[in-house]
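Trainee: Quick one, fold the following:
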Amino acid sequence: MVNKIFFILIVIGVPLSVAGSLLHWSQILMFTVYCLTIVSLAAYMGRATESLAIISGPRIGGLLNATFGNAVELIISIFALKEGLVEIVLASLTGSVLGNLLLVAGLSFFVGGIKFKRQKFNVYDARHNSGLLMFGVIVAFVIPEVFAMGMDDAEAISLSIGISVILIVLYLAALFFKLVTHRGVYQHNEENGAEPHHEEPEWSKKKAMIVLALSTVAVGYVAESLVHTFETVGETFGWSELFIGVIIVAIVGNAAEHASAIIMAYKNKMDIAVEIAIGSTLQIAMFVAPILVLISLFFPVQMPLVFTLPELVTMVTAVLLTIVISNDGETNWFEGATLLAAYLIMGIGFYLL
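Mentor: The predicted model follows:
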């Protein structure tokens, strides 16, 4: 039933998006159409990556889901950078970190925890990810803020470029570590109550890849149109660029992995759910954000890797809370509720700021 609704929204939404952008319809109306269309397309991207996850295993499947989920936000951010909306891009990166660690992980733990008393996942992966979260968010985002206080804009950009290159190299090294040199070394040997992994994928590998490719192209077109509505929507509803970036763009841009992680948790496939939520955060911090810094060099307005104080404090808090909750390799519904409560508190703060 839900899949039919998303299909109908795509069939209606994509033509409406094209017509609305060409005929200059009401930007408030089109903002709603664009958001619903992107979320629907993201749902199909989620279904495709879920099929690929069954075919290729939890680690690669989670990585694929995070990558294609983040592709939506990357596309939106590139068009926003082209328009000079640096504050919205930085805010959307903040929103992705908060959304993945607190909203996605929180909903996954909560929904899965209602069905199962205790849910376990690979504790070795959790501890490995904890170190990367500390580095990718706290070290790489806080350090530029500290040093940028005594720098001019050109020096801040140079600092950001250097840090971005280091982040990308370390992220690629982390993938090489997990998928090549240490693949299978840290196996999760404990039984976590999950059903045997013998289910058939919904789509074949070829069909899933075609759906992913077409959905990504469609999202790219709709995302460019969505960016042009931000200013009007902000003025109409009294939303700041910070709120639009942290909450609206982040939720719309990460809709695919939001849905997939929750579905995986409900099926007690916590290794995939955690890999989507935390793996996506690491990809945002250590790959997407640095790539956007480098891409911004080709636009009139460059983007330094320097966040506002509220953005930094909330991201650091989200990382520390996630590490404390996930480091034992198991979770329950109350821990999910704790993460969700933290997200709501921060959301209220950004709305009122």
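
Trainee: which residues in the stretch 201-350 of the chain form strands?
Mentor: Along the stretch 201-350 of the chain, the segments classed as strands by DSSP state E, counting those that start in this stretch run 330-331.

Trainee: so where do the helices sit in it?
Mentor: Secondary structure of the stretch 201-350 of the chain (DSSP state H, counting those that start in this stretch): helices at 205-227, 230-237, 241-243, 250-253, 255-266, 270-283, 289-295, 309-326, 333-352.

Trainee: Please tabulate these in JSON lines and include mean neighbour count and mean pLDDT as additional columns.
Mentor: C-betas here are computed from N, CA, C, even on glycine. What follows is those, written out as JSON lines (neighbours: other CB atoms under 10 Å; pLDDT from 0 to 100):
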{"stretch": "helix 205-227", "mean neighbour count": "18", "mean pLDDT": "83"}
{"stretch": "helix 230-237", "mean neighbour count": "15", "mean pLDDT": "87"}
{"stretch": "helix 241-243", "mean neighbour count": "21", "mean pLDDT": "83"}
{"stretch": "helix 250-253", "mean neighbour count": "24", "mean pLDDT": "76"}
{"stretch": "helix 255-266", "mean neighbour count": "27", "mean pLDDT": "77"}
{"stretch": "helix 270-283", "mean neighbour count": "28", "mean pLDDT": "86"}
{"stretch": "helix 289-295", "mean neighbour count": "21", "mean pLDDT": "95"}
{"stretch": "helix 309-326", "mean neighbour count": "19", "mean pLDDT": "93"}
{"stretch": "helix 333-352", "mean neighbour count": "17", "mean pLDDT": "93"}
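
Trainee: In contact with residue 243, which residues?
Mentor: Listed by CB atoms under 8 Å, 6 or more residues apart in numbering, the contact set of residue 243 reads 91, 350, 351, 353.

Trainee: biggest separation within the residues you listed, which pair?
Mentor: Greatest spatial distance among those (CB to CB): 91 and 351, at 12.4 Å.

Trainee: Could you measure from residue 297 over to residue 172?
Mentor: With the distance defined as CB to CB, to the nearest Å, residue 297 ends up 20 Å from residue 172.

Trainee: Over to residue 351?
Mentor: Residue 351 sits 37 Å away from residue 172, going by CB to CB.

Trainee: for the top helix by length along the chain, which positions count as buried?
Mentor: For the chain, the helix that runs over the most residues, judged by DSSP state H, is helix 27-56. Buried residues in helix 27-56, counted by 16 or more other CB atoms under 10 Å: 27, 30-31, 33-56.

Trainee: for stretch 10-23, same thing?
Mentor: Buried-residue list, stretch 10-23, by 16+ other CB under 10 Å: 10, 13, 14, 16, 17, 20, 21.

Trainee: Go ahead and confirm the second one touches residue 40.
Mentor: Yes. Under the criterion of CB atoms under 8 Å, residue 13 is in contact with residue 40, at a separation of 6.2 Å.

Trainee: Phi and psi next, for residue 238.
Mentor: phi 70, psi 30 (degrees, to the nearest 10).

Trainee: I'd like to check which residues are in contact with the residue lying closest to residue 113 once chain neighbours are set aside.
Mentor: Using CB to CB, 6 or more residues apart in numbering and skipping residues adjacent in sequence, the residue nearest residue 113 is residue 333, 2.9 Å away. Listed by CB under 8 Å, 6+ apart, the contact set of residue 333 reads 109, 110, 112, 113, 114.

Trainee: 10 Å - rerun?
Mentor: Listed by CB atoms under 10 Å, 6 or more residues apart in numbering, the contact partners of residue 333 are 109, 110, 111, 112, 113, 114, 115, 116, 117, 119.

Trainee: quick one: which of these sit in strands?
Mentor: Members of the contacts of residue 333 lying in strands (criterion: DSSP state E): residue 119.

Trainee: can you list residues touching both of residue 91 and residue 351?
Mentor: Shared contacts of residue 91 and residue 351, defined by CB under 10 Å, 6+ apart, comprise 240, 242, 243, 246, 247.

Trainee: my guess is the fourth one meets residue 318, correct?
Mentor: This points to residue 246. No. Contact criterion CB atoms under 10 Å: residue 246 and residue 318 do not qualify, at 11.7 Å.

Trainee: what's the overlap in contacts for the two?
Mentor: Residues touching both residue 246 and residue 318 by CB under 10 Å, 6+ apart: 94, 97, 98, 99, 346.

Trainee: Tabulate these in CSV, adding columns for distance to residue 181 and secondary structure.
Mentor: Below are those laid out as CSV (distance: CB to CB, whole Å; DSSP: H, G, I helix; E, B strand; the rest coil):
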residue, distance to residue 181, secondary structure
94, 32, helix
97, 27, helix
98, 32, helix
99, 31, helix
346, 37, helix
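
Trainee: Just put these in a markdown table and tack on distance to residue 163.
Mentor: As requested, the shared contacts of residue 246 and residue 318 are exported to a markdown table (distance: CB to CB, whole Å):
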| residue | distance to residue 163 |
| --- | --- |
| 94 | 17 |
| 97 | 16 |
| 98 | 21 |
| 99 | 23 |
| 346 | 25 |
